[in-house]
Every structure is written in C-alpha cells, then in structure tokens.
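[1] could you work out the structure for the sequence below:
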Amino acid sequence: MLSYESLPYRACAGMMVLNREGLVFVGRRAGGPEHTDATHVWQMPQGGIDDDEDPYRAALRELYEETNIRSVEKLGEMTEWLAYDIPRELIGQAWNGKYRGQKQKWYALRFAGDESEIDVSNPAGTHEPEFVAWRWVAMSELPALVVPFKQETYARVVKEFARFAR
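    Below is the predicted model of the structure:
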C-alpha cells in the first residue's frame, strides 16, 4: 500500500451555484466517509472528472447528476486548482483508498431556472442521491457549513467568487 504522502489527488470539479439574489446552493450530504459529524453536513455540488473529460463539462454533468440543475450561466472559474487532504483515518474509506484528497477546479454559475428544476431526491441518471435536502445560503456562511478539512478550500472559493454575490 502506498504511503499517505505518495497517494495522488482525485481530479474533481466544484460548482458554486448562485441564485439571482446572490445566495449559494448547498446540499445536505446523505452520508459517506466525508460525513464526519452532525454539524458540518452541507456542501456545494462537486464531483469527479473522468479521464480525458473537460473540467467544465464535468462540472455541468456532476451538477445535473446531483441536483437536476441544467439552467445555469457561467460567471467565472478559478484559474488555479485547489487541493485538500482528507484526514488520514478516512484513507481506505473514501475512493477505495486510491487518493489522499481532491484537487478541484471551481466554477461560479448563476442559476437561471425555476426552483422546481432542483430535485436532489431523484437525481439524473442512475446515481443514488448524494443530498437529502438543499437550501440557499449567504456566501459568507459556506466555510462553517462544510467539514473542517474543506474549510480552507471553501474560504478561498468564497474570496474568489465574492464579486458574483453582489
């Protein structure tokens, strides 16, 4: 087995979806190894990028697979990839032990549809629901809602995309 430090990062796309009022979509996680406590259960949509898949296309695919959202306009993207490590005790539980964390390409998207489009209980395709509930929150609340090991990443995403909440 590879050491923790030599494990690669999983390529992932993250989406900050803002409504017309500048609030951000968050989903309450259904569970999984990253669900480490009862307080930090909310997160923005995110998901893996397949081999040879364009990161933006992966973001749109993952957003649809997790939320059924298709009505979005691209506001911006971070030029830099952000990485986070999962806690050592989660290695082996997350991603079959193949990764030490994720490197993420983040996109800011404006939700342009009707809220009836959002359906986290019946996600598109054959995926099991990743979220059991959803809501809109102020961008400033995001870092405190997510698991501690993602908080620095979320703070950087908030700083980068703050201009879109105005």
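[2] give me the distance between Gly14 and Val147.
    Plainly put, Gly14 is 14 Å away from Val147 if you go by C-beta to C-beta, to the nearest Å. (C-beta placed from N, C-alpha, C; glycine too.)
[3] looking at those two, which is more packed in?
    Each of Gly14 and Val147 has its neighbours counted (other C-beta atoms under 10 Å); Gly14 has more, 24 against 21.
[4] on the three-state scheme, the more buried one is what?
    strand (DSSP: H, G, I helix; E, B strand; the rest coil).
[5] can you name the next helix or strand after the lengthiest helix in the chain?
    Longest helix in the chain, counting residues (DSSP state H): helix 55-67. Per DSSP states H and E, the first helix or strand lying C-terminal to helix 55-67 is strand 72-77.
[6] can I get the next helix or strand after that following strand in CSV, CA atoms only?
    Downstream of strand 72-77, the first helix or strand assigned by DSSP H and E is strand 82-85. Only the C-alpha atoms of strand 82-85 are listed here, as CSV (Å, rounded to 0.1, in the frame of the first residue of the first chain):
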residue,chain,number,x,y,z
LEU,A,82,-7.3,23.9,-5.2
ALA,A,83,-6.4,20.7,-3.3
TYR,A,84,-7.3,19.4,0.1
ASP,A,85,-6.3,16.3,2.0
